[in-house]
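Participant: sequence and predicted structure below; questions after.
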Amino acid sequence: MIKSIDYMKSKKENHSEFVYVHYLLPHGSFYLENEFPYLKRNLDIYILFWDYCNVKIIKYLSSIENLKTWKIIISGDHGFRSSHLINPSKTQSAFYNFQDDEIDSISMVQDIGGLLLKQ
């Protein structure tokens, strides 16, 4: 992810480039070397790690001076699968610099491809 962020920072502005980053967080085993210690896998730790990862991603994005010229989609693959309190079919997505009607057209993760084709 850091190389991708550095690449985006190096561009004065973006009008047509597509950058794909797969960031495997938050994901078990809920551990980042030298940053987040390994802790027992449970819902409370998942939530702590999820919050930690969100802060980290927002920090990276905030470091991009020309952020407004990029359309950014952050999409998760699934939620925590080890607790009956969370539906594992639910996922999270965040959209930066899209119009409200573009976002409203998305009802499932597969719709993101159609959104990208319109750009």
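Facilitator: Arrived safely, thanks for sending.
Participant: you'd agree residue 41 is up against residue 82?
Facilitator: Yes. Here residue 41 lies in contact with residue 82, judged by CB atoms under 8 Å, at a distance of 6.5 Å. Every C-beta, even on glycine, is put in place using the N, C-alpha and C of the backbone.
Participant: low-confidence ranges, the chain, go.
Facilitator: For the chain, residues meeting the criterion pLDDT under 70 lie at 1-2, 14-15, 22-29, 31, 77-79, 90-91, 119.
Participant: backbone phi and psi for the residue nearest the centre of it, please?
Facilitator: The C-alpha lying nearest the average C-alpha coordinate of the chain belongs to residue 74 (CA atoms, centre = their mean; 3.2 Å). Backbone torsions of residue 74, given as degrees, to the nearest 10, read phi -120, psi 120.
Participant: contact partners for the residue lying closest to it once chain neighbours are set aside?
Facilitator: Closest residue to residue 74 apart from its sequence neighbours, by CB to CB, 6 or more residues apart in numbering: residue 94 at 4.3 Å. Residues near residue 94 by CB atoms under 8 Å, 6 or more residues apart in numbering: 72, 73, 74, 75.
Participant: can you redo these as TSV with distance to residue 66 and secondary structure?
Facilitator: As requested, the contacts of residue 94 are exported to TSV (distance: CB to CB, whole Å; DSSP: H, G, I helix; E, B strand; the rest coil):
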residue	distance to residue 66	secondary structure
72	12	strand
73	17	strand
74	18	strand
75	22	strand
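Participant: write the ChimeraX selection for whichever of these are buried.
Facilitator: To isolate the buried ones among the contacts of residue 94 in ChimeraX, judged by 16 or more other CB atoms under 10 Å, type:
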select :72,73
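Participant: need the max-distance pair from the contacts of residue 94.
Facilitator: Maximum pairwise distance in these, criterion CB to CB, is 10.5 Å, between 72 and 75.
Participant: thought residue 93 was touching the residue nearest to the centre of the chain, still the case?
Facilitator: Yes. Using CB under 8 Å, residue 74 is in contact with residue 93, at 6.5 Å.
Participant: OK, contacts around the residue nearest to the centre of the chain?
Facilitator: For residue 74, the contact set (CB under 8 Å, 6+ apart) comprises 57, 92, 93, 94, 95.
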